[in-house]
Each structure stands twice: as C-alpha cells, then as structure tokens.
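Asks: this one's structure only:
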C-alpha cells in the first residue's frame, strides 16, 4: 500500500478548497463573454440545464470515484480508474493518464496567467496606470506579454515558488489554509466591485452610461438562441470549464476523504458556490463597468476574443476614472480576486501530480512539490517565451479543453457502465448527508454520457473544431491571404511553433503513460494488490 | 433595465444565491460522522 497518509483538516476547508479549485479566471472573464455571444439572458437557461444534467452528475461521479480510490490508497486518476474498473482491464489506467497530463499541462500555462494578475495587483497599487490614456494602458499589456522587460519572468517565478511552497506544506497546512484565506477575500473583492459596477451612474466619474445598461444588455433574453445547437455547445463548454470537471483534480482531492465522509452534500455545496461566484459576481463586474464607459457596441466587439482583453487592457484604464485611491483599490480588488481564483485552481492541479509521485515512487511531500514546480517551470517556459506564436493557446486548447471532454466521457462510462450503476449509486449515497434525488441515477447512466458524447462530436466536427484545428485550417487560410512577405514568414513561424507545441504535449502524455506502466510493474514486483485501507 | 432582463437576472441570481446558501448552511450545521467505519462486506467492489 501507499505509505503516504494525508487528510483534510476540516469539512469547511475541504468545501472551500474544492470550490476554489472550480472558481477560476473563467468565472469572471469567460462567462460574461460567453453570455453576450450566446443570447444574453437566455444563455442562463441552457447553462443551468447543462449544470443540472452534466455538471452536477460529473461532480457526484468524480467525488465518489476519488473517495473510492482513496480507500485503496490511490490518489491519482490512473490507479483510481484502475480500482474502479476492479483492476481487470489494464487500459483504464492509461485513460487515467489524462488526469495527470491535463493538470500538468494546464498548470504550465495557468501559472503564467496567474502571474499576470499578481503583476497587475502590483501595478495597480504602485500607480503604474495613472496618467496613461486607454491606448497606453492597452499597450502596457502588449509590452508585458512580449517580454519587453524582465517583470513578467520575475512574477512568473514568484508565482511558481508560491504554488510550490504552499503545496509542500500539504493539504491541511497549505492548500486548505490558502482556500480559507483566498475564497472569502475573493468574494469580498467581488462584492465590492459588483456594487461599484451596478451603481455606476452616467455623468459621474467619466461614465457615459449607467452600469445597469450593461446588466440590461447581459440579461435581456433572446429566446430564439435556445434553439441553436451552438449555444448549447457553448453552455456545456462553459459548465465544463467552470467546474474543473474532467481534469482529475476533484478525484484527487476527494481521495483524501475518510471513508465515512459524505460526498453528495460536499459536492453540491462546492459546485453551487462556484455558480454563485460565476453567475452572481462574474456577471456583475466586467460587463457593467465596461459598458458604462465604452457602450454596448464596443464591448461586444471586445468580447469577440474573450474577456481577457477587457480584463487586462481595458479595466485598468477605466478604474483610473475613479480617482487615484479608488483606482488603486479597484485594481487591487479586481486583479486580487483573479489571483485568488487562479492560485486556488493551480494548487488543485499540483495535488494529483504529487499524489502519483508519492503513491507510486514513495517520494516525500516536499520533494514531490518541488518536482511539480520544476516540471511546470520547464513545460511552462515555451508558453512564456513563445506566447506570441500561439504556444499558450495550443496548451489551452488541447489540455484545457479537448482533454477534459475526452476524459469526462470515459470516466462516466466507466463509473456508470463498467463499475455498474447500482454500485455507483450506492457509492454516491454512502454516508451521504443529503438525499440525492433518484432521478440522478438515470441521468448519470443515460443522459450525461449522451450529452458528453454530443459535446465531443460537436467539438470534433464543428467548423473551427478539433479536425479543423489539427489541419491548421485557420492558419493556412491566413498564410494564403497574406501578401506581405514578412507577415507570411511570421505566420509560418507560428505554424512551426503550433505543431511543435502539439508534439511536446503528445510526448508529455506518452512519458506519463510510461511512468504509469513502470509504476504498475513496481506494484507487481512488490505484490501490491488493491486492498481497501482501514482508518 | 427592461422587465424581461430584470426578471431573468433576479430569478437566476435568486435561485443561485438561495441554493448556494442552503447547501453551505447544511455543510456548516451537519454533525460530523462518528468514528465507526462501515463494514467492508457492504462496500461495492470494482466492476
């Protein structure tokens, strides 16, 4: 059996850590942009339906699988899936590789993104945006990601060290403490900015429109959009993205539960806490403030490329209109909440990698944490240094989007159909502190797998989907349309980096699969069989 | 704000706030489990 024993210190700490895992930058930047592009207020209908039919079932499944694997001393998905399959079908272990690969590859670029928020907290407090016009503030972000100075590298290293240090202190002494500090602060900052956004009045502090204009625009329903398959695909994608399902981090956190602990109520509480941050706070900050100053048309234009531009290029300038003190406070609150949202998620990405190294190779916690930090540094370096060549976006697309859907599709089939729905239902309800509606037995068995298969094939075959991405259709079209030889050279260089990133990701996946193979051989040599651990 | 937008916003926010508060309250107030572990014989085995 695995020698490593670790446990959560308190139930509230666990729920906050799980909610922190789910709450990320996407809650504040991606959700409002998706809502605007997909029917405004009507988007909430497919979104909440997808949450009920796909999000909650996956939360139940992942929490239950994690607690089940923990009983056998397994804290990472390759061997959690192996335990759930009864150890009879060896290939499930290799499906579980996704649960380590995704966390590692996403952490590689996510820690860099997190470091932007930390740098922008510093810039806000130090008054770096004061006296600059909108174009200059926007240009500051371009210069930042172009590595015009050493500042991005310094903040990236600080972020990596901070994550590694917290992880090295363990679940109760590190991750849980970070969640207990970070989540309340995030909500406090969020409420402060939401109140400011909603009460923004035309003619005051340079605002052209009321903040409620933005809310009106965001929540006005276009019910015709409900019949559009793309809107449902976007809603399902947002639910995936926001809950951090299909990553392997929830299973890992849940594997440290005691067997007598509940999963049903904890899962619901953490999941709905994420929805509160996303629907209530996420919708009340970015769009109302931006619309108040820029108007609806300009905001729609800016959200076409997601919320990142609005968040980093536009908001720091808009805050300046509130006077130096309030601007510094608002900047600190905005980027501070993004930082806390980011760090509680990246800590969850480190735990499965550490769990695997500790379970299978007997590494100490500190050593495993530093190994994770070093791996993130090595794999993240291309996203930092070749950001402008699309490396960051490639990691995000393949590891942060496609892998999640593939893994979730397999895991629910394993849990509901291979493990067996009767066993699965008993596992979800074991020691449950709430009565799970029996309809979820049928939703988990039939509805969620069908939705996931639809999402996967929709992503595979849609225009601009996985197949088009593999063929680099968009880039080839840009190269064909380019007339300037210098631009053609740059685009061809981008193509090389894009293909190189994909190759790197495939190599990482293969190396993790090799480690899983070696771990299984080690288990066989040591005669380790999956025997339930006793507390 | 227009009436349809206000209805959508208030109903969505109301539902989310109420459900979140309810579950978190349950987490805070439910007594921790006793130390007795369940019988292994009743434990579902892998498929």
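Replies: Everything's here; your move. Quantities reported herein were computed from a predicted structural model and do not represent experimental measurements.
Asks: show me where pLDDT drops low in chain B?
Replies: Across chain B, residues meeting the criterion (pLDDT under 70) sit at B:34-47.
Asks: one more time with 50, if that's ok
Replies: Per-residue confidence of chain B (counting by pLDDT under 50) places the weak regions at B:39-41, B:45-47.
Asks: what do you get for the stretch 51-200 of chain A?
Replies: Segments of the stretch 51-200 of chain A classed as low confidence (criterion: pLDDT under 50) are not present in this model.
Asks: can you list the residues of it near chain B?
Replies: Residues of the stretch 51-200 of chain A lying near chain B by Cβ under 8 Å from any Cβ of the partner chain: A:71, A:83, A:84, A:85, A:86, A:87, A:88. For the C-beta atoms, the positions are set from N, CA and C on the backbone; glycine is no exception.
Asks: just give the nearest non-adjacent residue to the fourth one, would you?
Replies: Once its chain neighbours are removed from consideration, residue A:85 has its nearest residue in residue A:92; the separation is 4.2 Å (Cβ to Cβ, 6 or more residues apart in numbering or on different chains).
Asks: buried sites along stretch A:258-274?
Replies: Of the residues in stretch A:258-274, those with enough neighbours to count as buried (16 or more other Cβ atoms under 10 Å in any protein chain shown) are A:258-259, A:261-274.
Asks: chain center to that stretch: distance?
Replies: On the basis of Cα atoms, centre = their mean, to the nearest Å, the separation between the geometric centre of stretch A:258-274 and that of its chain is 19 Å.
Asks: now check it, is it near chain B?
Replies: Yes - applying Cβ under 8 Å from any Cβ, one finds that stretch A:258-274 is in contact with chain B at A:258, A:259, A:260, A:261, A:262, A:265, A:266, A:268, A:269, A:272, A:273.
Asks: circling back: thought the residue nearest to residue A:85 was touching residue A:83?
Replies: No - between residue A:92 and residue A:83 no contact is recorded; they are 9.3 Å apart, counting by Cβ atoms under 8 Å.
Asks: name the helix or strand for the closest residue in space to residue A:169 that isn't next to it in sequence, please.
Replies: The spatial neighbour of residue A:169 that comes closest, neighbours along the chain excluded (Cβ to Cβ, 6+ apart), is residue A:177 at 7.7 Å. Under the criterion of DSSP states H and E, residue A:177 resides in helix A:176-198.
Asks: picking that back up, and the residue nearest to residue A:85, what does it touch?
Replies: If you count contacts by Cβ atoms under 8 Å, 6 or more residues apart in numbering or on different chains, residue A:92 has them with A:81, A:82, A:84, A:85, A:414, A:418.
Asks: quick one: residue A:174 and residue A:212, what's the gap?
Replies: Distance check for residue A:174 against residue A:212: by Cβ to Cβ, to the nearest Å, it reads 42 Å.
Asks: an error on my part: the question was meant for residue A:162.
Replies: Counting by Cβ to Cβ, the separation of residue A:162 from residue A:212 is 38 Å.
Asks: and what of residue A:112?
Replies: Note on residue A:112: its distance to residue A:212, by Cβ to Cβ, is 36 Å.
Asks: can you tell me the element residue A:497 falls in?
Replies: Under DSSP H and E, the secondary-structure element containing residue A:497 is helix A:485-526.
Asks: what's the mean pLDDT across that helix?
Replies: Per-residue pLDDT over helix A:485-526 has a mean of 96.
Asks: and it, what does it pack onto?
Replies: Judged by 3 or more Cβ pairs under 8 Å, 6 or more residues apart in numbering or on different chains; DSSP states H and E, the packing partners of helix A:485-526 are helix A:77-84, helix A:91-95, helix A:98-126, helix A:324-361, helix A:365-385, helix A:391-397, helix A:473-481.
Asks: and the fourth one, which residues are buried?
Replies: Buried positions in helix A:324-361, judged by neighbour count with 16+ other Cβ under 10 Å: A:327-360.
Asks: burial check on residue A:297, number of neighbours?
Replies: Burial of residue A:297 is recorded as 9 neighbouring residues (other Cβ atoms under 10 Å in any protein chain shown).
Asks: swap in residue B:21?
Replies: 13.
Asks: that one should be in a strand, yeah?
Replies: No - with DSSP: H, G, I helix; E, B strand; the rest coil as the criterion, residue B:21 is located in helix rather than a strand.
Asks: the spatially most central residue of chain B and residue A:269, how far apart?
Replies: Within chain B, one residue has its C-alpha closest to the average C-alpha position: by Cα atoms, centre = their mean, that is residue B:23, at 3.6 Å. Relative to residue A:269, residue B:23 is positioned 4 Å away (criterion: Cβ to Cβ).
Asks: can you check residue A:98 too?
Replies: As for residue A:98, its distance to residue A:269 is 26 Å (criterion: Cβ to Cβ).
Asks: how close does residue B:19 get to residue A:110?
Replies: Here the distance between residue B:19 and residue A:110 works out to 28 Å (Cβ to Cβ).
Asks: ok, residue A:388 next?
Replies: In this view, residue A:388 and residue A:110 are 18 Å apart by Cβ to Cβ.
Asks: name the residue in these two with the higher neighbour count.
Replies: Set side by side, residue A:388 and residue A:110 give different neighbour counts by other Cβ under 10 Å, the larger being at residue A:110 (28 against 15).
Asks: need the contact list for that one.
Replies: For residue A:110, counting by Cβ under 8 Å, 6+ apart, the contacting residues are A:342, A:345, A:346, A:349, A:400.
Asks: surely the last one touches residue A:106?
Replies: Yes - Residue A:400 sits in contact with residue A:106 when judged by Cβ under 8 Å, with a separation of 5.0 Å.
Asks: the residue lying closest to residue A:101 once chain neighbours are set aside: how many residues sit nearby?
Replies: The shortest distance from residue A:101 to any residue other than its chain neighbours is 4.9 Å, reached at residue A:509 (Cβ to Cβ, 6+ apart). The number of residues packed around residue A:509, counting by other Cβ under 10 Å, is 21.
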